[in-house]
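Novice: Please find the sequence and the predicted model below.
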Amino acid sequence: MSAAHSAAPRGAVLNLLRRLHFYIGLFVAPFIFVAALSGTLYVLTPQLENLIYSDALTAHPQGNAQPLSAQISAARAYAGEKQHIYAVRPAPGATDTTRVQFSDASLGASQSRAVFIDPYSLKVTGDMTVYGTSGVLPLRTTLDLLHSSLLLGDFGRNYSELAASWLWVAALGGVVLWLGTRPKRKLKRARSGFAFSRHWHITLGLTLVLGLVFFSVTGLTWSQWAGNNIDRWRTELNWLTPQVNTSLSGDAAAAPADPHADHHSMPGMPDMDMSDMDMSKMSMSSMAKPVAQPAKPMPNNQPDGDWDRVLNAARQDGLSASKLELRQPKSADKAWAVTEIDRSWPTRVDAVSVNPSDFTIVDHVYFSQFPLVAKLTRWGVDAHMGVLFGLPNQLLLAFFGLGLCSMIVLGYRMWWIRRPKQIEASPAQTLTETWLAIPHYSKGTCLILALALGYALPVMGVSLLAFVLVDILRWRKQQRVPMTEAEILASQQSPLGIIRARFSVKRKEMRYFLRGVCILALIVGTVMSNAIIGGVIDQYGIPFSHWSLTMYITQGLMIALYSSVFTALMSIPLWYFFLGESDPQGK
């Protein structure tokens, strides 16, 4: 039996946690790295975006601004009288433009066409696609989709959910390991090698742990599978954010809103107005009744002058934020909706609904009256996006994101440098071996936790099952023999020398590894080609056969770059599986 089986109960549990921490770092860390880096780029680009699109966003004051109705008329004349207005965002400042957003069936989910109008001259200063209810422009839209789905749509969202599901486990598990194994006396700080990397890996982990848990939890609320579970629990506990009621019938209560839609809406699902649904009163018997006849649809667009009257009514009711969004009724029995969209501190997200007949207030929702959980959710979402406290929030998120990337790099450096030779340095080799060594009551506790987390976080459950299957295969394949002379020499060589030594010792495994990398490269290249080429075609409406030579070259380079990076990152687990350490004392 391995020495892991002779460890004390506390040591055996730490060995199990250590091995799980190692697996998270090896298999999930590449996804966490991409999420952290892309998220950092996202929070650092608002100023860059304002600079790039300054012509569209900047107005030139010339006397008094024209009425909102005149600005909307100018936008409609430019876009087409029959184009349906999705929302209007009046100019928040004297040097800002008004944004008139039009629905466009040719655009992707949660996208709209925004026409920017100078409030003074009524000139069109810009025409571009914006994304989500936050209305981010093309640059941040690309970074947003890269961060959330790797530009791969619904399937790609599994990557960010995988990263968020395991990040908090890795962070808290690292703290537990540090508490259980830290030396009782202060050691001299190492300046190089494994000890140096370990010191800074631990230091960064302890510094960032609270932020990492925060990003993991808030990120999960946006996820596809775990997010649905979280929304269901919040609904059952009545913790959802209140939403203004736009029903004119008077018998429908306001449904809770999804605060995460301000970041990006659910890919593949349009923005939905659920304010006419009374979630608390729905029952199986009422669902079984015949569906009522739909309300008479409204004209394609409300009269331009009504937008001014609605804006004035909202201002008089107390909506004082400079950033507002107006949405016209969707049917004859619905009201206008006016919402504050200022997510900075202090948060301004009050909303009112306005009767289209006499422009009286139908309903209002004030942030000051939100339940505490709804307020915390709002603040957590805005802090995650880097907008709550402006530039300080952005810089803090960049510190956490780059710190997390550095931790991952240091972790991989530790894995590469360390060639385990002593049982004290790494007492466990596989997750299976450490599992067999822990007491029975600990096994029962671990199983209960695994089942509960697998149910609440489905992507974590599936990935944990994959960890276990890979680990069992390695555990069964282990040949408990001492390292050969070639392997010992390899452990003392450079990375290139290690690869050469591995090839000389494990020719068969190296062939399997190279075949796996080739297959992986084909899969990654196919997926990236489909995503990038399809994205360009969908966004710009240019058929592939009509591309210019420059487009072929630039998109080809992007495909090659993305494919190379992700093939390299995803090859790490293949290297470990085929060519990883075989020392039964190794970690």
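Specialist: Thanks, I have the structure now. Numbering: from 1, shown residues only.
Novice: sec struct for Val362, please.
Specialist: In three-state terms, and counting by DSSP: H, G, I helix; E, B strand; the rest coil, Val362 is strand.
Novice: Could you report the distance from it to Leu240?
Specialist: Between Val362 and Leu240 the computed distance is 21 Å (Cβ to Cβ, to the nearest Å). For glycine as for every other residue, the C-beta is placed from the backbone atoms N, C-alpha and C.
Novice: same deal with Ile448?
Specialist: Taken as Cβ to Cβ, the span from Ile448 to Leu240 is 29 Å.
Novice: next one: Thr203
Specialist: According to Cβ to Cβ, Thr203 and Leu240 sit 39 Å apart.
Novice: in the protein, which spans are strands?
Specialist: Counting by DSSP state E, the segments of the chain that form strands are 85-89, 98-102, 111-117, 124-131, 324-327, 336-340, 351-354, 361-365.
Novice: who has more neighbours, Ile448 and Leu240?
Specialist: The neighbour count for Ile448 versus Leu240, taken as other Cβ atoms under 10 Å, is higher for Leu240 (20 against 10).
Novice: wait, isn't the more buried one in contact with Arg378?
Specialist: No. Taking contacts as Cβ atoms under 8 Å, Leu240 lies outside contact range of Arg378: 11.3 Å.
Novice: Need the winner for burial among the strands of the chain.
Specialist: strand 351-354 (a mean of 27; mean count of other Cβ atoms under 10 Å).
Novice: residues in contact with that strand?
Specialist: Strand 351-354 is contacted from outside by 243-246, 275, 310, 313-314, 317, 319, 335-340, 360-365, using Cβ atoms under 8 Å, 6 or more residues apart in numbering.
Novice: averaged over its residues, what pLDDT does that strand have?
Specialist: Mean pLDDT, strand 351-354: 95.
Novice: in the helix ranked longest in the chain, what counts as buried?
Specialist: Criterion DSSP state H: the longest helix present in the chain is helix 507-540. By 16 or more other Cβ atoms under 10 Å, the buried positions in helix 507-540 come out as 509-510, 513, 516-517, 520-521, 524-525, 527-529, 531-533, 535-536, 539.
Novice: For it, give the mean pLDDT please.
Specialist: 77.
Novice: just the angle between it and strand 111-117, please?
Specialist: If you take axes from the mean of the first three to the mean of the last three Cα atoms, to 10 degrees, helix 507-540 sits at 50 degrees to strand 111-117.
Novice: so how far is helix 507-540 from its chain's centroid?
Specialist: 23 Å (Cα atoms, centre = their mean, to the nearest Å).
Novice: before we move on, what about stretch 79-97?
Specialist: 29 Å.
Novice: And for stretch 73-91?
Specialist: 31 Å.
Novice: Pull out the CA atoms of it and give them to me as CSV.
Specialist: What follows is stretch 73-91, C-alpha atoms only, in CSV (Å, rounded to 0.1, in the frame of the first residue of the first chain):
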residue,chain,number,x,y,z
SER,A,73,-37.5,62.4,-36.0
ALA,A,74,-34.0,62.9,-37.3
ALA,A,75,-33.0,59.3,-36.3
ARG,A,76,-36.2,57.9,-38.0
ALA,A,77,-35.6,59.9,-41.1
TYR,A,78,-32.1,58.4,-41.3
ALA,A,79,-32.9,54.8,-40.4
GLY,A,80,-36.3,54.6,-42.1
GLU,A,81,-39.8,55.6,-41.1
LYS,A,82,-40.9,51.9,-40.8
GLN,A,83,-38.0,50.9,-38.5
HIS,A,84,-39.3,50.0,-35.0
ILE,A,85,-37.7,52.0,-32.2
TYR,A,86,-36.5,49.6,-29.4
ALA,A,87,-35.4,52.2,-26.9
VAL,A,88,-34.3,55.9,-26.6
ARG,A,89,-31.5,57.2,-24.4
PRO,A,90,-31.5,61.0,-24.2
ALA,A,91,-28.2,62.8,-24.1
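Novice: now the residue lying closest to Leu41 once chain neighbours are set aside: how far from Ile553?
Specialist: Excluding its sequence neighbours, the residue lying closest to Leu41 (Cβ to Cβ, 6 or more residues apart in numbering) is Leu143, at 5.3 Å. Taking Cβ to Cβ as the measure, Leu143 falls 23 Å from Ile553.
Novice: and the two? which has more neighbours close in?
Specialist: Using other Cβ under 10 Å as the criterion, Leu143 and Ile553 rank with Leu143 on top: 20 against 11.
Novice: so what's that one up against?
Specialist: Ser38, Leu41, Tyr42, Thr45.
Novice: residues contacting the third one?
Specialist: Each residue near Tyr42 by Cβ under 8 Å, 6+ apart is listed here: Arg140, Leu143, Asp144, His147, Gly386.
Novice: Next, the last one: phi, psi?
Specialist: Think Gly386. Dihedral pair for Gly386: phi 80, psi 20, per degrees, to the nearest 10.
Novice: what's the burial count for it?
Specialist: Other residues within reach of Gly386, judged by other Cβ under 10 Å, total 25.
Novice: State the number of residues packed around the residue nearest to Ser320 when sequence neighbours are not counted.
Specialist: Nearest residue to Ser320, sequence neighbours excluded (Cβ to Cβ, 6+ apart): Arg348, at 7.6 Å. Here the number of neighbours of Arg348 (other Cβ under 10 Å) works out to 18.
Novice: do you know how far Arg348 is from Gly318?
Specialist: 11 Å.
Novice: try Met407
Specialist: 46 Å.
Novice: Give me the more crowded residue out of the two.
Specialist: The neighbour comparison of Met407 against Gly318 (other Cβ under 10 Å) goes to Met407, with 27 against 12.
Novice: can you pull the pLDDT of the residue lying closest to the more buried one once chain neighbours are set aside?
Specialist: Excluding the flanking residues, the one nearest Met407 by Cβ to Cβ, 6+ apart is Leu204, at 4.7 Å. Leu204 is assigned 93 on the pLDDT scale.
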